[in-house]
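>>> sequence and predicted structure below; questions after.
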Amino acid sequence: MSSAKNRGWRVVSAEFDRSAPKLAACPPEQLPEVAVAGRSNVGKSSLLNAFAGQRGLARVSRTPGRTQLLNFFRIGLRHPGHGDRTIGWVDLPGYGYAAAPRSIREGFGPMIERYLTERTALRALILLIDSRRQIADSDLQLIEAMSARRLPTLVVATKADKLSKSERGLVTKNFAEVLGASPRDILLTSASTGLGLGDEPRTGGLAYEVAQLTAPGEATTSSSV
Ligand SMILES: Nc1nc2c(ncn2[C@@H]2O[C@H](COP(=O)(O)OP(=O)(O)OP(=O)(O)O)[C@@H](O)[C@H]2O)c(=O)[nH]1
Ligand SMILES: [Mg+2]
């Protein structure tokens, strides 16, 4: 009997490609790409490490808001029925860190903006929001930048392990209200426990969503705004 874990999409490989200090230094546009954005310290790098099952793949920062690099990774996904797929995963610099230089703190930065508006390989944004915080204006601006290109954004609430079960329900309800979406469109995750990272039969999860967002043809998903 095969376990439930192996019925859906899962990550089978993950590797660092390169860090790009500017758009011209990005890898060739050969793979369908998802970019991960969010305020500094929201858990972007931790999510990648947990998703990939590799602790040291992306650096979990001790000095948030410092590094303004686009970090490129390649991830191999596998599904028993659909086969293998390689995608690009971009860990974007965090924004909104209080002690960062003013130019970085006040917006999400020209590099993220240029990447989101010009990168042809980009298929979707994965926007991380700390489940104990509110959605920020800069978060909304990123969703708008994606809508302007008719590209979907998957909203991921991070650090759900810090909430009780009832608090989790309130978070998805609140985020959905602010975004004009359904609570089902908000993916609750925890890099610590692995919550929401897989491909569960009924509820889906990050592996399922990323596979949908990078599917050949039209990029659509059940859970994006
Ligand atoms: N409890 C808990 N802590 C988490 C989780 N994800 C991340 N953290 C912690 O949050 C802090 C920031 O995590 P990072 O992954 O470095 O966050 P980031 O968004 O990559 O930060 P920047 O790269 O500076 O923008 C670290 O101390 C992590 O250990 C989670 O799911 N649960
Ligand atoms: Mg990081």
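Structure's in. What do you need? Ligands and ions are numbered 1, 2, ... in the order given.

>>> how close does the residue of the chain at minimum distance from ligand 1 sit to Ser182?
Residue of the chain nearest ligand 1, by C-beta to the nearest ligand atom: Gly94 (2.1 Å). (Glycine included, C-beta is placed from N, CA and C.) Going from Gly94 to Ser182 by C-beta to C-beta, to the nearest Å gives 27 Å.

>>> quick one, which of these two is more surrounded?
Neighbours were counted for Gly94 and for Ser182 using other C-beta atoms under 10 Å; Gly94 has more, 27 against 13.

>>> helices of this structure, start to end?
In the chain, the helices defined using DSSP state H lie at 44-52, 102-106, 110-118, 137-148, 165-179, 206-213.

>>> let me know the average pLDDT across the second one.
Helix 102-106 carries an average pLDDT of 54.

>>> equivalent analysis for stretch 122-135, please.
Mean predicted confidence for stretch 122-135 is 97.

>>> pull it out as PDB, backbone CA atoms only.
Only the C-alpha atoms of stretch 122-135 are listed here, as PDB (Å, rounded to 0.1, in the frame of the first residue of the first chain):
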ATOM      1  CA  LEU A 122       7.800  34.400 -13.900                       C
ATOM      2  CA  ARG A 123       4.600  32.500 -13.600                       C
ATOM      3  CA  ALA A 124       3.400  33.400 -10.100                       C
ATOM      4  CA  LEU A 125       4.200  35.200  -6.900                       C
ATOM      5  CA  ILE A 126       4.200  33.400  -3.600                       C
ATOM      6  CA  LEU A 127       3.500  36.200  -1.100                       C
ATOM      7  CA  LEU A 128       4.400  35.300   2.500                       C
ATOM      8  CA  ILE A 129       2.600  37.100   5.400                       C
ATOM      9  CA  ASP A 130       3.400  36.400   9.100                       C
ATOM     10  CA  SER A 131       0.200  34.900  10.500                       C
ATOM     11  CA  ARG A 132       0.600  37.000  13.600                       C
ATOM     12  CA  ARG A 133       0.700  40.200  11.700                       C
ATOM     13  CA  GLN A 134      -1.500  42.300   9.400                       C
ATOM     14  CA  ILE A 135      -1.200  42.500   5.600                       C
END
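
>>> follow-up on the earlier one: export the helices of the chain to TSV and tack on distance to ligand 1?
As requested, the helices of the chain are exported to TSV (distance: least, C-beta to the nearest ligand atom, whole Å):
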stretch	distance to ligand 1
helix 44-52	3
helix 102-106	11
helix 110-118	11
helix 137-148	12
helix 165-179	13
helix 206-213	12
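
>>> mind putting those helices in CSV, distance to Arg10 and mean neighbour count included?
Below are the helices of the chain laid out as CSV (distance: least, C-beta to C-beta, whole Å; neighbours: other C-beta atoms under 10 Å):
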stretch, distance to Arg10, mean neighbour count
helix 44-52, 10, 23
helix 102-106, 36, 13
helix 110-118, 28, 17
helix 137-148, 26, 16
helix 165-179, 24, 15
helix 206-213, 6, 23
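
>>> between the ones you listed, which gets the lowest average pLDDT?
Among those, helix 102-106 carries the lowest mean pLDDT (a mean of 54).

>>> closest residue of the chain to ligand 2?
Ser45 (3.3 Å; C-beta to the ion).

>>> now that residue, nearest residue through space, not along the chain?
Distance criterion C-beta to C-beta, 6 or more residues apart in numbering; nearest residue to Ser45, sequence neighbours excluded, is Ala58 at 3.8 Å.

>>> contact partners for the one you found?
16, 44-46, 48-49, 71, 73, 91 (C-beta atoms under 8 Å, 6 or more residues apart in numbering).
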